[in-house]
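Asks: Model the structure of this input:
(one chain, ligands or ions: 1)
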Amino acid sequence: MNKIVKNSDAQLLYKSPPNKLELKYPTIADLRRRARRRVPRFAFDYVDGAAGANETGMHRNAAALDAIEVVPRYGVENFKADMEVDLFGRRFSAPIAVAPMGIPGMVWPGGEEAFAKAAQEARMPFTLGSSSAATIERITELAPDCTWFQLYRMPNNDLAINFDLVKRAELAGVHALILTLDVPARTKRPRELRNRLIIPYRPGLRTVVDVLPHPAWLLALSKNGINAFANYRKYAGNNLPNREVVKFARKQSGGTFTWGEVEKFRDKWKGPLVVKGILHPQDANRASKIGVDGIIVSNHGGRQLESAPASIDVLPEIVSSVGNNTTILFDSGIRSGEDVIRALALGAKSTLSGRCFMYGLAALGSKGPKYVIDYFFEEISESMRQVGAKSCAELTSLVTRHTGAYLFKD
Ligand SMILES: Cc1cc2nc3c(=O)[nH]c(=O)nc-3n(C[C@H](O)[C@H](O)[C@H](O)COP(=O)(O)O)c2cc1C
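Replies: Predicted coordinates:
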């Protein structure tokens with residue numbers, strides 16, 4: 001990526017011209033196009049798809065972000081933007097994190113490790129999902145300062161497996177624990193059904209026809225394998241074949257945490273606790289009263305409920321109702337550095353992106369995570385300079401036009 005250097009002419013110049021990859025993939029849409037060709041269709045659709053017949057919820061996120069205008073301030077002296085952000089007692093390089101995403105290793109075998117290494121190097125959070133193809137212990141080894149861990153509720157009544165995972169996360173040195181609340185029911189993602197991406201997954205002729213034209217993906221598979229649901233292996237039985245672990249995992253999926261259970265996690269987990277998937281200010285207040293450290297305003301990237309509001313449209317109301325008590329993070333729909341600026345201008349402290357990072361992984365393999373991180377770092381810093389904000393905190397004082405905001409009832 002281009003290094004920014006100061007020049008005495010009070011101009012900030014690019015040190016070097018864009019490299020080959022930057023010329024080829026200047027936007028996430030370019031990476032997405034490449035991703036579609038580079039990985040099997042079931043893997044691409046897993047990332048690209050969403051809930052509902054028309055996937056409207058996902059499109060609504062993008063449209064709502066696009067509609068937000070930010071009024072820039074000019075005439076300030078030239079500066080290098082300070083993108084750093086304090087999250088739960090740690091300082092990170094920029095207000096962007098990798099959102100939890102089930103099984104990156106299915107999209108590109110070895111994907112979790114590639115994210116962890118790139119995130120540690122860049123000093124930004126990588127959120128490992130509970131169903132990932134790498135264990136918490138392995139990922140914290142690679143990203144000791146930057147691992148967040150996301151938990152789904154397992155349906156056993158006493159939460160024994162969940163609590164054991166929390167203990168493992170603590171021992172491994174995970175920074176923040178994220179409880180996902182927005183999966184109370186099984187969701188229908190038509191593309192996954194069409195591709196038979198269901199558990200138990202039965203590879204057949206269809207799979208062969210799908211994967212054969214993707215030799216780079218097959219090579220990554222032969223090197224790294226896909227150890228899906230690696231964290232559950234301990235509970236399913238250590239010596240079981242993968243297929244049995246996957247069957248076990250299927251029995252463990254579905255259902256959400258209740259507020260009472262969130263309280264129990266607040267007692268068990270002494271580190272930063274974050275709830276993810278909040279869209280209603282009263283839910284946000286509830287979480288805040290329980291004493292969670294953070295709330296991720298998110299509609300799961302439109303993957304759960306087609307009719308859910310764009311999460312950016314409920315963000316301002318949640319920010320104003322929760323006040324300064326709890327850190328508000330935002331995801332769903334981010335595709336550029338300017339989208340990050342929009343979310344921060346509307347009050348989020350930091351953001352996460354899911355698909356941008358997965359498109360990068362699918363398009364460029366293990367080099368993808370670093371490419372997307374650099375892409376965001378450069379775009380965020382340039383956008384901050386463009387609007388005249390020297391630090392992330394200054395973004396909140398910018399004037400915005402936001403027509404989609406909701407008026408919530410008491
Ligand atoms: C392929 C994929 C898998 C996901 N798996 C999970 C998951 O296991 N747990 C979770 O909390 N969110 C999951 N999400 C949702 C993301 O954490 C995030 O909320 C969403 O991707 C944000 O929208 P965006 O993709 O437009 O950035 C997943 C998203 C994608 C794209």
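Asks: contacts, neighbours, all on C-alpha from now
Replies: Will do.
Asks: Report pLDDT for residue 405.
Replies: Each residue has a pLDDT score; the one for residue 405 is 85.
Asks: A strand includes residue 47, no?
Replies: No: following the definition DSSP: H, G, I helix; E, B strand; the rest coil, residue 47 is helix and is not counted among the residues of a strand.
Asks: Name the nearest residue to it, ignoring sequence neighbours.
Replies: residue 355 (6.4 Å; Cα to Cα, 6 or more residues apart in numbering).
Asks: Now find how far off-centre the helix with the most length in the chain is within its chain.
Replies: When the chain is scanned for its longest helix (criterion: DSSP state H), the result is helix 368-387. The chain centroid and the centroid of helix 368-387 are separated by 16 Å, computed with Cα atoms, centre = their mean, to the nearest Å.
Asks: before we move on, which element is the closest residue to residue 45 other than its chain neighbours in?
Replies: Closest residue to residue 45 in three dimensions, ignoring its sequence neighbours and counting by Cα to Cα, 6+ apart: residue 191, at 6.2 Å. Per DSSP states H and E: residue 191 is located in helix 190-194.
Asks: Could you list the buried residues of that helix?
Replies: Neighbour-count burial for helix 190-194, with 16 or more other Cα atoms under 10 Å as criterion, is recorded at 190-192.
Asks: Closest one to residue 237 out of the residues you listed, please.
Replies: Using Cα to Cα, residue 192 comes nearest to residue 237 of the buried residues of helix 190-194, at 27.9 Å.
Asks: give the contact list for the closest one.
Replies: Residue 192 sits next to 42, 45-46, 49, 198 when contact means Cα atoms under 8 Å, 6 or more residues apart in numbering.
Asks: Put the buried members of those into a ChimeraX selection.
Replies: Typed into ChimeraX, the line below selects the buried ones among those, using 16+ other Cα under 10 Å:
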select :42,45,46,49
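Asks: Keep only the contacts of residue 192 that also lie close to the ligand.
Replies: When Cα under 6 Å from any ligand atom is taken as the criterion, the members of the contacts of residue 192 that contact the ligand are residue 46.
Asks: Make JSON lines out of the contacts of residue 192 and add pLDDT.
Replies: Formatted as JSON lines, those follow (pLDDT from 0 to 100):
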{"residue": "42", "pLDDT": "94"}
{"residue": "45", "pLDDT": "96"}
{"residue": "46", "pLDDT": "95"}
{"residue": "49", "pLDDT": "97"}
{"residue": "198", "pLDDT": "74"}
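Asks: farthest-separated two in the contacts of residue 192?
Replies: Using Cα to Cα, those reach their maximum pairwise distance at 49 and 198, which is 14.1 Å.
Asks: about what we covered before: same list (the buried residues of helix 190-194) but as JSON lines, adding pLDDT and distance to residue 87.
Replies: Listed next are those as JSON lines, based on pLDDT from 0 to 100; distance: Cα to Cα, whole Å:
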{"residue": "190", "pLDDT": "89", "distance to residue 87": "36"}
{"residue": "191", "pLDDT": "91", "distance to residue 87": "36"}
{"residue": "192", "pLDDT": "87", "distance to residue 87": "35"}
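Asks: nearest to residue 385, of these?
Replies: Checking the buried residues of helix 190-194 against residue 385 with Cα to Cα, the nearest one is residue 191 at 40.3 Å.
Asks: Quick check: that closest one touching residue 48?
Replies: No: Residue 191 is not in contact with residue 48 according to Cα atoms under 8 Å; the separation is 9.0 Å.
Asks: List the residues that contact the most centrally placed residue in the chain.
Replies: Closest residue to the average C-alpha location of the chain: residue 99 at 1.5 Å, with Cα atoms, centre = their mean. If a contact means Cα under 8 Å, 6+ apart, then residue 99 has 126-127, 331, 352-354 as its contacts.
Asks: Many thanks, I have nothing further to ask.
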